[in-house]
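Build me a model:
(one chain, ligands or ions: 1)
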Amino acid sequence: NWNMLDIADEFVREVRERVGPEGKVIGAVSGGVDSTVAAVLLKTAIGDRFHAILVDNGCLRKNEAVEVVDRMRNKLGINLRCVDAADRFLGLLAGKTEPEEKRKIIGTTFIDIFQEEALKIGAVDYLLQGTLYPDVIESISYKGPSAVIKSHHNVGGLPATMHLKLIEPLRELFKDEVRTLGIALGVEEFSVWRHPFPGPGLAIRCLGELNMENLDMLREADAILIEELNRAGIYREIGQAFAVLLPVKSVGVMGDFRTYEKVCAIRCVQTTDYMTADWYHMPYEVLGRISNRIINEVRGINRVVYDISSKPPATIEWE
Ligand code: XMP
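Residues are numbered from 1 along each chain as shown. Sure, this is the predicted structure:
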């Protein structure tokens, strides 16, 4: 049984030695457990010579960018810059409905922005990556239609011309060990237990036309779902939980009026490795509360459905 803080100390020493007294390191962060723990280690090792970059692609969850900045910059003291690139991403994504095309646009734009930020910082030699052990042994733990892009999301797709040397503090750890390490380092429970969130974010959960209005509708529905799962005390039983906005309208009735609005699907799965998954057997009362709240509180949605497909043959995401 390894002592997590010893591992952290050893890593911090190694990084100091490798990077030297002047060297700079950059790394993309999402606020999830891997990038948060990796960033805390780098900050401990070299302080503000570690530059964390959060790219807001306009497809993050409700209040996410603000909350990640608050946690990482204000609470954990990490030298973080948040790039508000929502307009740029949404401009490029306008009219695109094909899932892989959406992923490609988001992946390449993310890399462009990351590279621009690296140039602004200047004289960067090292790149921090939150690679875990399962990623190392399988090259990437996710094998599916979007496997290629998942490596993009982890910035594996940065041009070789940047000549960045990799720093991978988590490459010998499994996810549960990263969580234990996070807790030992004082990372908040909220970040430590956060469900994984795909690089393309809500773009692949907002089916059909992608615009701010639809994304905002989805953000509201998603926030209600997560709030109710936490309130019911079942968030940690679930591997991933999210709302999907369907490009389908259905008829409803509100008071004396007929409505014709969007359908929202709820997807909650239990899984150990995300390669296979079972739909979560959610208590009916919780399902009922989620449905009522979404329909009552989110304008533009008048119907909620629960996804009871397993993976395989369905995937976890809808796109
Ligand atoms: P699927 O939908 O193929 O997803 O069952 C399995 C896991 O991978 C995540 N996922 C992605 N992650 N970029 C990512 O970073 C992607 O393009 C992507 N597509 C799927 C998904 O959220 C789930 O955890």
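
Where does I290 sit: helix, strand or coil?
helix (DSSP: H, G, I helix; E, B strand; the rest coil).

right, I mislabeled it, should have said M282
coil.

ok, now D216?
In three-state terms, and counting by three-state DSSP, D216 is helix.

That one: neighbour count?
16 (other CB atoms under 10 Å). Glycine gets a C-beta too; all of them are placed from N, C-alpha and C.

unless I'm mixing things up, V253 is touching T259, no?
Yes. Between V253 and T259 there is a contact under CB atoms under 8 Å: 6.7 Å.

Next one: the residue nearest to M212 when sequence neighbours are not counted relative to G233, how far apart?
Excluding the flanking residues, the one nearest M212 by CB to CB, 6 or more residues apart in numbering is L90, at 6.6 Å. Using CB to CB, to the nearest Å, we find L90 at a distance of 36 Å from G233.

mind listing the strands for the stretch 151-300 of the chain?
165-167, 240-254, 257-270, 278-279 (DSSP state E, counting those that start in this stretch).

Give me the more crowded residue out of V253 and T259.
Between V253 and T259, counted using other CB under 10 Å, T259 has the larger neighbour count: 16 against 9.

show me what contacts the nearest residue to that one once chain neighbours are set aside?
Spatially, and ignoring its direct neighbours in sequence, T259 is nearest to G252 (4.2 Å; CB to CB, 6+ apart). Counting by CB atoms under 8 Å, 6 or more residues apart in numbering, G252 touches R258, T259, Y260, E261, N302, R303.

So which residues of the stretch 101-250 of the chain form helices?
133-138, 147-153, 175-184, 189-192, 212-231 (DSSP state H, counting those that start in this stretch).

out of the ones you listed, which comes closest to the ligand?
Nearest to the ligand among the helices of the stretch 101-250 of the chain is helix 147-153; the distance by CB to the nearest ligand atom comes to 3.8 Å.

Which residue of L90 and G233 possesses the greater neighbour count?
For L90 versus G233, the count of surrounding residues by other CB under 10 Å is larger for L90: 17 against 9.

Mind telling me what element the more buried one is part of?
helix 86-93 (DSSP states H and E).

what residues does that helix touch?
With CB under 8 Å, 6+ apart, helix 86-93 has contacts from 56-59, 102, 105-106, 109, 113, 203, 210-212, 215.

Next, see if stretch 54-63 gets close to the ligand.
No. Stretch 54-63 lies apart from the ligand when judged by CB under 6 Å from any ligand atom; the minimum separation is 11.4 Å.

What residues of that stretch count as buried?
Residues of stretch 54-63 classed as buried: L54, V55, D56, N57, G58, C59, L60, R61, K62 (neighbour count, 16 or more other CB atoms under 10 Å).

could I get these as CSV with pLDDT?
CSV is the format used below for those (pLDDT from 0 to 100):
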residue, pLDDT
L54, 98
V55, 98
D56, 98
N57, 98
G58, 98
C59, 98
L60, 98
R61, 98
K62, 98
